[in-house]
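Asker: Sequence first, predicted coordinates after that:
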Amino acid sequence: MRTVDAVVVGSGPNGLVAANALVDAGWDVLVLEAQDTLGGAVRTAEVAAPGFRTDLFSAFYPLAAGSPVIQGLHLEDHGLAWSRAPSVLAHVLDDGRAAVLHAEPEDTAAGLEEFGRGDGDAWLRLFAAWERMRDPLLDALFSPLPAAGPALRLFRRLGAGGALDLGRLAVLPVRRLADETFRGEGGGLLLTGNAMHSDVPPDAAGSGLFGWLLAMLGQDVGFPVPVGGAGSLADALAARVRAGGGEIVTRTCVERVLVAGNRAVGVRTAQGELVHARRAVLADVSAPALYRELVGTAHLPARLVRDLDRFQWDHPTFKVNWALDRPLAWTAGAGRGAGTVHLGVDRRGFVDVAAALSKGEVPEQPFLVLGQMTTSDATRSPHGTESAWAYTHVPHGIDWTADAVAELAHRVEEALDRVAPGFRSTVVGRSVQGPADLEAADANLFGGAINGGTSGAHQELVFRPMPGLGRPETPVERLYLASASAHPGGGVHGACGWNAARVALAASSRWGALPRALVRSAWGRLLRDT
């Protein structure tokens, strides 16, 4: 039996961030990954055609660029370099118009002014408010709950009135936010399109915060991509772990977390190998997988098992990847320099998409998020060509037969032909990733869901992943949830892994007995059978 200080289950970005925090503290760390390749949902491969590099899952990283966690790791010292498209994002309409998030806020404002008088100034006011609160807000969002210190700094920065405004924004639907802020539809397209990156409907509470946060990050740091592909980010994280003395082993599936006396003491792999963990086990896996498969419900309070039955996944993703022999010929010229392009619907169409998803139907006219990867990073395909992909959200419960996959892929390409005429004639290679394909490539992506669980208000903060403390600790001592199922949720920001590592380090410290006792007491009160 091998013995280490900590075992990290899963080599997604959160797992690798957690491992980095632990090796920085001098711990002996072993990361175990079931797949052949490390990185979880941060991977790149040539799947559409030779020479065309495709990001298989996530691709643009505003949260990583804005995250104090990722920035603090100085991954540029381990081979990571960022690249940005000339424009951050464009929402192109079928009539040839486009709302554009430019690199400079003044340019974004000038474009929005064409949609409605005064909308440029409204955008600049939004961005000024963001600049005022950015650092304490991100610290508060990315810290373990209750995040009292960052919250206090944020309150001091905003004052009582500003804090009330932020609280209202946190529960405001994005459609209402757009209606209150802009006269024309351009600003609403930018806010709502960004909100639709989550699974929160545009008329639901909290969608305004998602749309505003992603739009402001885009205006602030852009939507950068790693040079060479998303996998370069995972490679840099892994290189840093190894430089610190940690070990990463792929093709090794953890079958069970070993529990003795309500304490995690190690793991057993599918190959039968036992690894003893002196201090902690950190799991970069979904909450259902951790509790049901790796721990087993016999070790869990009955209330947690009941709440686990109510865990809600986010909408699955359907993705098409292309190798194009030339860049897309957008009717809206502004689409040509944008790394990310939204298309398929106007402001009213967002509601139709959300309604279809809520009814369990594939939207007739899907909302698409498209990545022009060579526009963002010239290394992604041969000169004069484009490596591109587009994804859309679909409901759970669909039988993805070959005909169903072909039909939706056709609809996706039809939407592109409306705004980039002749698109199909540029395709020299194509690869389709349906929901089942995404799960097969990364077991954390259950049914094709990429966010570790819904971002709805009922499963955020102290309700993530189930009602409780909203912290990385679990009812099993020395076992920590370090995936996107934990607060603060999905997105490649590393905070879920970082928070789990911070808590593990604190619990193992000289003064760790008191916080451990407090957490046990709190879990006992919250999870007492009812």
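Answerer: That came through fine.
Asker: Let me know the secondary structure of residue 370.
Answerer: Here residue 370 is strand, with the state taken from DSSP: H, G, I helix; E, B strand; the rest coil.
Asker: Surely it touches residue 339?
Answerer: No - contact criterion C-beta atoms under 8 Å: residue 370 and residue 339 do not qualify, at 9.6 Å. Backbone N, C-alpha and C define where each C-beta goes, glycine included.
Asker: Nearest spatial neighbour of residue 299, chain-adjacent residues omitted?
Answerer: Counting by C-beta to C-beta, 6 or more residues apart in numbering, residue 259 is the residue found nearest to residue 299 once chain neighbours are left out, at 5.0 Å.
Asker: For that neighbour, give the beta-bridge partners.
Answerer: Per DSSP bridges, the residues bridged to residue 259 are residue 264.
Asker: State the distance from it to residue 294.
Answerer: Using C-beta to C-beta, to the nearest Å, we find residue 259 at a distance of 10 Å from residue 294.
Asker: and if you look at residue 233?
Answerer: According to C-beta to C-beta, residue 233 stands 26 Å off from residue 294.
Asker: do residue 411 as well
Answerer: The value you get for residue 411 to residue 294, if C-beta to C-beta is used, is 38 Å.
Asker: Show the contacting residues for residue 192.
Answerer: Residue 192 sits next to 174-175, 178, 202, 207, 211, 347, 350 when contact means C-beta atoms under 8 Å, 6 or more residues apart in numbering.
Asker: one more time with 6 Å
Answerer: Going by C-beta atoms under 6 Å, 6 or more residues apart in numbering, residue 192 touches 174, 202, 211, 350.
Asker: Select only the buried ones of those in ChimeraX?
Answerer: Selecting the buried subset of the contacts of residue 192 in ChimeraX, with 16 or more other C-beta atoms under 10 Å as the burial test, is done by:
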select :174,202,211,350
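Asker: So which of the contacts of residue 192 sit within helices?
Answerer: Of the contacts of residue 192, the ones assigned to helices by DSSP state H are 174, 211, 350.
Asker: export those to TSV and tack on distance to residue 419?
Answerer: Below are the ones in helices among the contacts of residue 192 laid out as TSV (distance: C-beta to C-beta, whole Å):
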residue	distance to residue 419
174	22
211	22
350	16
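Asker: Could you export these as JSON lines, including distance to residue 442 and pLDDT?
Answerer: As requested, those are exported to JSON lines (distance: C-beta to C-beta, whole Å; pLDDT from 0 to 100):
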{"residue": "174", "distance to residue 442": "29", "pLDDT": "97"}
{"residue": "211", "distance to residue 442": "26", "pLDDT": "97"}
{"residue": "350", "distance to residue 442": "28", "pLDDT": "96"}
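Asker: Tell me the one of these nearest residue 130?
Answerer: residue 211 (12.5 Å; C-beta to C-beta).
Asker: mind listing what the closest residue to the closest one other than its chain neighbours touches?
Answerer: In space, not counting the residues next to it along the chain, residue 211 is nearest to residue 195; the distance is 3.2 Å by C-beta to C-beta, 6+ apart. Counting by C-beta under 6 Å, 6+ apart, residue 195 touches 174, 207, 210-211.
Asker: from these, which is closest to residue 54?
Answerer: Distances from residue 54 to the contacts of residue 195, taken by C-beta to C-beta, are shortest for residue 210, at 26.0 Å.
Asker: Make sure that closest one is actually in contact with residue 198.
Answerer: Yes - judged on C-beta atoms under 6 Å, residue 210 makes contact with residue 198 at a distance of 4.8 Å.
Asker: Neighbour count for those two, which is higher?
Answerer: residue 198 (26 against 23; other C-beta atoms under 10 Å).
Asker: Now the more buried one: closest residue in space, sequence neighbours ignored.
Answerer: Per C-beta to C-beta, 6+ apart, closest to residue 198 is residue 455, 4.3 Å.
Asker: got the contact list for the one you found?
Answerer: By C-beta under 6 Å, 6+ apart, the residues touching residue 455 are 198-200, 489.
Asker: cool, and residue 486?
Answerer: 472, 496.
Asker: And the residue lying closest to residue 185 once chain neighbours are set aside, how far from residue 192?
Answerer: Using C-beta to C-beta, 6+ apart and skipping the chain neighbours, the partner closest in space to residue 185 is residue 347 (5.1 Å). With distances taken as C-beta to C-beta, residue 347 is found 6 Å from residue 192.
Asker: hang on, the earlier thing: the residue nearest to residue 185: neighbour count?
Answerer: By the other C-beta under 10 Å criterion, the neighbourhood of residue 347 contains 19 residues.
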